[in-house]
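**Q** Model the structure of this input:
(chains A and B)
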Amino acid sequence: GAGVSQSPSNKVTEKGKDVELRCDPISGHTALYWYRQSLGQGLEFLIYFQGNSAPDKSGLPSDRFSAERTGGSVSTLTIQRTQQEDSAVYLCASSLNGDRTDTQYFGPGTRLTVL
Amino acid sequence: GNSVTQMEGPVTLSEEAFLTINCTYTATGYPSLFWYVQYPGEGLQLLLKATKADDKGSNKGFEATYRKETTSFHLEKGSVQVSDSAVYFCARGKAAGNKLTFGGGTRVLVKP
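**A** Just a heads-up that it's a prediction; the model follows:
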């Protein structure tokens, strides 16, 4: 079956605009994660979904960041009023059920550039 | 706090050399430990994992042993190839939801 897919692969936006990033997890995976990868901060956890609920949002850097998941499948990460420091590669991962032994499978990422 | 520390790169080696990348972690409880690899132009992929103390993960000639007493998960390969050139990330899972905390990554360059 298909792996984790993300769209768009690249997004260039102007400071102050809103952006939406999409993630399609592996079919049947109940756990979904968002991370971001930047030169200065490395790989950071943002948010974790189990089904449609988000029991752990501790990594969201500010209230400009939000995410939702519908139908236990697709997830959207929204960044409002983007800032230059939001420039990064946003990675989505999914795993079977979020168990401590689970493997997380990563998508190719969305490279966000805020001008 | 909870963190993962791995040696900084870049690490430059000749083909067939021995590779070690050190990784230590702090955590409460007994997290699962992972090594992920990112080849040039590609996404993150799991290299190996270990889910309890003394477990050894292995894949593609790489090995790492979960050492609870030293809180370490060092990655080793006995004879590297040019195709092993990549960035390697050590990661620790958290029990509730298994969110991953990553080390800073180690870039490895293998020269022919």
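
**Q** what sits against residue 90?
**A** With no chain named, the answer covers chain A. By CB atoms under 8 Å, 6 or more residues apart in numbering or on different chains, the residues touching residue A:90 are A:6, A:21, A:34-37, A:46, A:77, A:109-110, A:112. Every C-beta, even on glycine, is put in place using the N, C-alpha and C of the backbone.

**Q** wrong chain, I was asking about chain B
**A** Taking CB under 8 Å, 6+ apart, we find residue B:90 in contact with B:4, B:6, B:21, B:23, B:25, B:33-35, B:73, B:75, B:102-103.

**Q** out of these, who's nearest residue A:84?
**A** residue B:102 (23.2 Å; CB to CB).

**Q** beta partners for the spatially most central residue of chain A?
**A** Residue closest to the average C-alpha location in chain A (CA atoms, centre = their mean): residue A:34, at 3.2 Å. For residue A:34, the beta-bridge partners are residue A:47, residue A:92 (DSSP bridges).

**Q** How about stretch B:44-63 and chain A, any contact?
**A** Yes - Stretch B:44-63 lies within reach of chain A by CB under 8 Å from any CB of the partner chain, at B:44-46, B:49, B:51.

**Q** Just the buried ones out of those residues, please.
**A** Among those, those buried by neighbour count (16 or more other CB atoms under 10 Å in any protein chain shown) are B:44, B:46, B:49, B:51.

**Q** Spatially, what comes nearest to the second one if we skip its sequence neighbours?
**A** Going back to what we said before, that points to residue B:46. Distances taken as CB to CB, 6 or more residues apart in numbering or on different chains put residue A:103 closest to residue B:46, at 5.2 Å, once the chain neighbours are dropped.

**Q** Assign that neighbour to helix, strand or coil.
**A** Per DSSP: H, G, I helix; E, B strand; the rest coil, the secondary structure class of residue A:103 is coil.

**Q** For residue B:48, give its distance to chain A.
**A** Residue B:48 sits 10 Å away from chain A, going by CB to the nearest CB, to the nearest Å.

**Q** Excluding chain neighbours, what is closest to that residue?
**A** Residue B:48 sits nearest to residue B:57 (CB to CB, 6+ apart), 3.4 Å away.

**Q** Kindly report the same for residue B:49.
**A** Using CB to CB, 6+ apart and skipping the chain neighbours, the partner closest in space to residue B:49 is residue B:34 (4.6 Å).
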